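A.B. asks: I'd like to go over a predicted model; first the sequence, then the structure.
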Amino acid sequence: EAQVTQNPRYLITVTGKKLTVTCSQNMNHEYMSWYRQDPGLGLRQIYYSMNVEVTDKGDVPEGYKVSRKEKRNFPLILESPSPNQTSLYFCASRTSGNEQFFGPGTRLTVL
Amino acid sequence: SQQGEEDPQALSIQEGENATMNCSYKTSINNLQWYRQNSGRGLVHLILIRSNEREKHSGRLRVTLDTSKKSSSLLITASRAADTASYFCATGGKTSYDKVIFGPGTSLSVIP
């Protein structure tokens, strides 16, 4: 089954404790993105990757890092999480025709 | 910005009625997409319409695109309670690597 998986689905952590949210897709898509979704602000792109070892900032990259060492994986790293990073996070991969496939989401709470 | 803006922000209808949502955007696009999101879940791609298309159908969904007015509409016919969700339009740029930008969404409630 074609899908994007994310882990963990829920995470409660404390300020400053490094964390990684994993993302994996099995569709051989080149383009992958991370979004955060906040009430009233919609979906905002954090980072994207056009292929292995090619990543770039989206609209709200501050406080986040990504890597793309393999085509299928695109982890999101928060080196020192802060409460304003409490949000619902989505990973997505995209076909060459722009159709995006989203993961189930990771609900992150930073205390 | 080529951000899509949905209208209305919220819509409540009775089961069986049709639901229409509109999307406006600001710059030239290659395609426009509609997505559905059930509460707290990932977005699901519904339909993509290219800039050289005017209308597209998929089951109970009908999407129109008017590039001269920079607007699109999503019509859901004979709505069901299971259609209750948020609906987002997203605009894609000229190349397949251009950013896809999402609007803030329309929240649809279908009352049984």
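C.D. replies: That came through fine.

A.B. asks: Contact residues of chain A facing chain B?
C.D. replies: Residues of chain A that fall close to chain B, judged by C-beta under 8 Å from any C-beta of the partner chain: A:4, A:31, A:35, A:40-43, A:45, A:48, A:50, A:58, A:88, A:90, A:92, A:94, A:96-105, A:107. C-beta coordinates here come from the backbone N, C-alpha and C atoms, glycine included.

A.B. asks: what comes into contact with whichever strand in chain A runs longest?
C.D. replies: If you go by DSSP state E, chain A has its longest strand at strand A:42-51. If you take C-beta atoms under 8 Å, 6 or more residues apart in numbering or on different chains as the criterion, strand A:42-51 is touched by A:30-38, A:55-61, A:64-66, A:68, A:71, A:74, A:76, A:89-90, B:43, B:88, B:97, B:99, B:102-105.

A.B. asks: Show me the shaky parts of chain A.
C.D. replies: For chain A, applying pLDDT under 70 flags no range at all.

A.B. asks: Identify the bridge partners of the residue of it found nearest chain B.
C.D. replies: Closest to chain B within chain A is A:Phe102: 3.6 Å, counting by C-beta to the nearest C-beta. Beta-bridge partners of A:Phe102, counted by DSSP bridges, are A:Ala92.

A.B. asks: Which residues does stretch B:39-47 contact?
C.D. replies: Contacts for stretch B:39-47 (C-beta under 8 Å, 6+ apart): A:4, A:43, A:88, A:90, A:92, A:99-105, A:107, B:33-38, B:56, B:58, B:61, B:63, B:74, B:85-88.

A.B. asks: Report the buried residues of that stretch.
C.D. replies: Using 16 or more other C-beta atoms under 10 Å in any protein chain shown as the test for burial, stretch B:39-47 gives B:41-43, B:45-47.

A.B. asks: Can you give me the first-to-last residue distance of that stretch?
C.D. replies: Chord length of stretch B:39-47, first to last residue, is 20 Å (C-alpha to C-alpha, to the nearest Å).

A.B. asks: Please apply the same query to stretch A:8-26.
C.D. replies: Stretch A:8-26 stretches 18 Å from its first residue to its last (C-alpha to C-alpha).

A.B. asks: hmm, who's touching that stretch?
C.D. replies: So stretch A:8-26 is contacted by A:2-7, A:32, A:34, A:72-83, A:89, A:91, A:93, A:101, A:103-111 (C-beta under 8 Å, 6+ apart).
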